[in-house]
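In: what follows is a predicted protein model with its sequence.
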Amino acid sequence: MNTVSAYIFRQALGPLLAILGALAAIAILTQGLNQLDIIITNRNAGWAFAWVTILALPQLLSLILPIAVFIATVYALNRMQQESEIAVLYGAGVSRHHIARPIIQLAVLAALAHLAINTVVQPWAFKERRETLYALRTDIASSLIEEGSFTFPGEGLTLYARQRGGGGELRDLLINDARPDLPITYTARAGAIVTIDGAPAIVLRDGQIQRQTEDGTVDVLDFDRYVLQMGAGIEETEYFFLKASDRTLYELFFPDRTTHFDQRNIDQFLAEAHARLSAPLLNIALAMIALAGVLVGEFSRRGYGRRIMVAAVIALLVRLAAIGLQAAADENPDLNALQYALPIAVILIAAIMLSGKRARRKRLSLGPSVLAEAGA
């Protein structure tokens, strides 16, 4: 990379990193607010809250990286245009191709990083995030039970604890289980939350069971120790199955066809797999749109606001179209090929515009006016 190319590369790299940092910070803040209930209901979940928020970062970076590449490219080239650096480079014999080359190199590096995030980092992060959230959600004593308040951890299940002691111990418990045909009431002097076969349960000590019978009487049973299963009443099924975003490429292309969940979502898995492989091409496509928006056209002392605005609208439409194609491919797998065709078509069209054959023919017919055709 020569001095000019290295200079242009740095001019785009700096804004790209700054834009990624700013957008990622906003996205992390938004994601963190969605999980704020974790730290509110669990006084010991500060680190888990931060960890869950960090684990959401790969998907956020995957969404914003192409847009960040576009903005950084427009910013860098527009600044160089306004300060006449582009015109000086043209006057020195530097072609449009040589100006675009470091930007394309940066876009290719962003695409490779995007591919690594999509295929390696994001599946691991989402799987880890889901497991962390599940562990927090099933910690009933910390996340659901409040001292001196009635809580409803599941449908038909009401729980009251007068006090929460050390080690997750619950004191003076009252539990009403309306899930059976005839409700059952449990009282106990103490209890503790445990996990049995991946489902939450409460171990009750020194208590009593009151069961209503069909004739209206109440059976009373005292116990020293009793285990109450709670998993059936907690609706957390989304934590038991790996969604498309949590799976590796191999698991997306070759799902377990023996499970009903995988069989029902095969088309969605394929759409997600092709989206991960095609999305990195958007970095190059949007960079090419930015290059065409700033470099193609005549030199203007009044700036390039209108051209940049048109390029921004086109870039946004391309990004939205990519998202829409993935959603459509969930229902129709034949549309997966369009996820690759869209960015490739944009790259080819922008490359034809950047080649500037029409502009060169016009310059030869009108004469060598560098300033008039500096943008050609």
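Out: That came through, no problem.
In: tell me which element Pro15 is part of?
Out: helix 3-34 (DSSP states H and E).
In: what are the buried residues along that helix?
Out: 4-5, 8-9, 11-13, 15-16, 19-20, 23-24, 27-28, 31-32 (16 or more other CB atoms under 10 Å). In short, each C-beta sits where N, CA and C put it, glycine included.
In: what do you get for stretch 345-358?
Out: Val346, Ile347, Ala350, Met353, Leu354, Gly356.
In: low-confidence regions, the stretch 151-300 of the chain specifically.
Out: Applying pLDDT under 70 to the stretch 151-300 of the chain flags the ranges 153-154, 165-168, 195, 197-199, 230-242, 298-300.
In: please enumerate the helices of it.
Out: In the stretch 151-300 of the chain, the helices defined using DSSP state H, counting those that start in this stretch lie at 249-253, 260-264, 266-278, 281-295.
In: next, the angle from the longest one to helix 3-34.
Out: On the basis of axes from the mean of the first three to the mean of the last three CA atoms, to 10 degrees, helix 281-295 is oriented at 120 degrees to helix 3-34.
In: what is helix 281-295 packed up against?
Out: Applying 3 or more CB pairs under 8 Å, 6 or more residues apart in numbering; DSSP states H and E, we find helix 281-295 packed against helix 57-82, helix 96-116, helix 305-329, helix 336-355.
In: list the contacts of the most centrally placed residue in the chain.
Out: Of all residues in the chain, the one closest to the mean position by CA atoms, centre = their mean is Gln59, 2.9 Å from it. The contact partners of Gln59, taken as CB atoms under 8 Å, 6 or more residues apart in numbering, are Gln122, Ala125, Phe126, Ser245.
In: ok, 6 Å please
Out: By CB atoms under 6 Å, 6 or more residues apart in numbering, Gln59 lies in contact with Gln122.
In: now it: how far from Thr151?
Out: 32 Å (CB to CB, to the nearest Å).
In: do Arg96 as well
Out: Distance from Arg96 to Thr151, by CB to CB: 66 Å.
In: can you check Ile193 too?
Out: With CB to CB as the criterion, Ile193 and Thr151 are 13 Å apart.
In: with Leu77 instead?
Out: 58 Å.
In: who has more neighbours, those two?
Out: Leu77 (25 against 15; other CB atoms under 10 Å).
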